[in-house]
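Visitor: fold the following for me, if possible:
(one chain, ligands or ions: 1)
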Amino acid sequence: MNRIEIRELTKAYGSTRAVDHLTFDVLPGRVTGFLGPNGAGKSTTMRLLLGLDRPTSGTATIDGRCFADLREPLHHVGALLDAQAAHGGRTARDHLLGLAVSNRLPRRRVEEVLERTGIAAVGGRRVKTFSLGMRQRLGIAAALLGDPGVLLLDEPTNGLDPEGIIWIRELMRDLAAQGRTVLVSSHLMAETSLMADHLVVLGQGRLLADMSMKDFIDAHSTARVRVRTADPARLGAALGREGLELVSGADGCWTVDGASAEHIGGLAAREGIPVLQLVDERASLEQAYLGLTASHAQFTAAAP
Ligand SMILES: Nc1ncnc2c1ncn2[C@@H]1O[C@H](COP(=O)(O)OP(=O)(O)OP(=O)(O)O)[C@@H](O)[C@H]1O
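Guide: The predicted structure follows:
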């Protein structure tokens, strides 16, 4: 249930392959972060899943069916693709009521999702008076309207203030814990690392990675140790004999790339070199992501 299956999915716009023979699954019960540089094909994949565009070849299905073949699709999948999509002249409540009625959903769902997304108090205001963050919440309310098992959210934290970002993180985790499938695209690595359990990374329309957050960081970053010592000259010499380098940091600490704290600790003990502090530095998702995608970015600024 609630499984997204992408199989050999390809979408060409003229000579541009927005998505190129893409194959991966998105599973229920966890938040999957959908990453990739600008133009990597994330939005196109989501549009193809939602039947908003037709694949050139391959398939994108939910529970084995294309979006067009789903009966009462809002019960199966809710999506936030463009927070500006709601008509500005309508009130938030009327926007949601229109969606509910046309999809044969009970009217009470409108009040429920207004409450859930924290915009019940402004439900009677016209959407054109909404800030970007309020529009994002309205878009999420629309995505939740049919109580769907699958959620596709394209940059849902866009425009949200810090409190809103925490709210959406908890909402995503809550929805996944209920057994739903949650696919969230974002360019905010720190945020994704707090929100997602699993990652799918695209580069120029192709799959670059499909693995757990931990495996991704481990696979795409190098080990680094931070060390503070009373005798950097001797530690540097001892490391040099093992082909390692002690690099000076700004705060009186030193770093060693490609080694573990266990290794450096053992070496220092054998040599009788006093170590005042020693810690494995955990690589960030951002470092791992930039390491993987650097050669796949379509747009990069020239160095000054
Ligand atoms: N309707 C279209 N017509 C022509 N080219 C398109 C169309 N939609 C997308 N593309 C192209 O397909 C490629 C993938 O775009 P897409 O918007 O899916 O990437 P993305 O990963 O969502 O990027 P971003 O992070 O910037 O939102 C880009 O080169 C884009 O210019």
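
Visitor: residue 48 versus residue 34, what's the distance?
Guide: Distance of residue 34 to residue 48, given as Cβ to Cβ, to the nearest Å: 13 Å. In short, each C-beta sits where N, CA and C put it, glycine included.

Visitor: quick one: the helices in this structure?
Guide: Secondary structure of the chain by DSSP state H: the helices cover 42-49, 73-76, 92-102, 108-116, 132-144, 162-177, 189-195, 213-219, 232-241, 261-271, 285-293.

Visitor: pull out the buried positions in the last one.
Guide: The reference is to helix 285-293. Within helix 285-293, the residues scored as buried using 16 or more other Cβ atoms under 10 Å are 285, 287-289, 292-293.

Visitor: quick one: that helix to chain centroid distance?
Guide: 13 Å (Cα atoms, centre = their mean, to the nearest Å).

Visitor: tell me the helices and strands packed up against it.
Guide: Helices and strands touching helix 285-293, as assessed by 3 or more Cβ pairs under 8 Å, 6 or more residues apart in numbering; DSSP states H and E, comprise helix 189-195, strand 198-203, strand 206-212, helix 213-219.

Visitor: convert it to CSV, retaining C-alpha atoms only.
Guide: Below are the C-alpha coordinates for helix 285-293, written out as CSV (Å, rounded to 0.1, in the frame of the first residue of the first chain):
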residue,chain,number,x,y,z
LEU,A,285,24.5,16.1,4.6
GLU,A,286,25.5,19.3,2.8
GLN,A,287,29.1,18.2,2.5
ALA,A,288,28.1,14.7,1.3
TYR,A,289,25.5,16.2,-1.1
LEU,A,290,27.9,18.8,-2.6
GLY,A,291,30.5,16.1,-3.0
LEU,A,292,28.2,13.9,-5.0
THR,A,293,26.4,16.5,-7.1
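
Visitor: so who does the closest residue to residue 296 other than its chain neighbours touch?
Guide: Spatially, and ignoring its direct neighbours in sequence, residue 296 is nearest to residue 203 (2.8 Å; Cβ to Cβ, 6 or more residues apart in numbering). Contact analysis of residue 203 by Cβ atoms under 8 Å, 6 or more residues apart in numbering lists 36-37, 40, 292-293, 295-297.

Visitor: beta partners of residue 203?
Guide: residue 206 (DSSP bridges).
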